[in-house]
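Engineer: predicted model and sequence follow; I will ask about them next.
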Amino acid sequence: MQQVEEVTSGAASAAAAVASKATYSGTTAAIAGYAISNDWLSAGGFVVAILGFIVNLYFKAKQDRREDREHQRLEEEHKATMKRLTQVP
C-alpha cells in the first residue's frame, strides 16, 4: 500500500510541476503577445496560463488531502504508542 501511495504521490508531484511550468510559459506567451501586438498569441498564452493554474490547484488540493491523511495516521500511531508506554504493568 505504501509503494502505491509513493508512486501516486510522485505522479501528482510531476503533474503539479508540469502545470506550474505551463502557467509560467502561458504567462510569458501572453506578455510576449501583448508586447508585439499579436492578439492570438496573447489569448493563447492567457488560456494556457489559466489552464495550468487550474491543474496546479487541483493537484495541490490533492496533495493537501494526502498530507492530512498521513498526519492523522501518524498522530493515531503516536497516541497508541504513548498509551502503550504509559500503561503500568
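Structural biologist: Perfect, I can see it now. Residues are numbered from 1 along each chain as shown.

Engineer: any weak-confidence spans in the chain?
Structural biologist: Across the chain, the ranges flagged by pLDDT under 70 are 1-9, 89.

Engineer: biggest helix in it, by residue count?
Structural biologist: In the chain, with assignment by DSSP state H, the single longest helix is helix 39-86.

Engineer: tell me which strands and helices that helix is in contact with?
Structural biologist: Here helix 39-86 touches helix 2-35, going by 3 or more CB pairs under 8 Å, 6 or more residues apart in numbering; DSSP states H and E. From N, CA and C alone the C-beta is placed, and that goes for glycine too.

Engineer: quick check: angle from the helix it packs on to helix 39-86?
Structural biologist: 150 degrees (axes from the mean of the first three to the mean of the last three CA atoms, to 10 degrees).

Engineer: and helix 2-35, how far out from the chain's middle?
Structural biologist: Chain-centre distance of helix 2-35: 9 Å, with CA atoms, centre = their mean, to the nearest Å.

Engineer: before we move on, what about stretch 19-39?
Structural biologist: Averaging C-alpha positions (CA atoms, centre = their mean) puts stretch 19-39 22 Å from its chain's average.

Engineer: check stretch 51-67 too.
Structural biologist: Relative to the chain's own centre, stretch 51-67 is displaced by 4 Å; criterion: CA atoms, centre = their mean.

Engineer: got it, and stretch 70-87?
Structural biologist: Its chain's C-alpha centre and that of stretch 70-87 lie 28 Å apart, by CA atoms, centre = their mean.

Engineer: run through who's touching it.
Structural biologist: Outside of stretch 70-87, no residue comes within contact range by CB atoms under 8 Å, 6 or more residues apart in numbering.

Engineer: in it, which residues are buried?
Structural biologist: For stretch 70-87, the neighbour count (16 or more other CB atoms under 10 Å) marks no residue as buried.

Engineer: so who does the residue nearest to the spatial centre of the chain touch?
Structural biologist: Note on the chain: the residue nearest the mean C-alpha position is K60, at 2.8 Å, using CA atoms, centre = their mean. Going by CB under 8 Å, 6+ apart, K60 touches A16.

Engineer: and it, how far from E67?
Structural biologist: According to CB to CB, to the nearest Å, K60 and E67 sit 10 Å apart.
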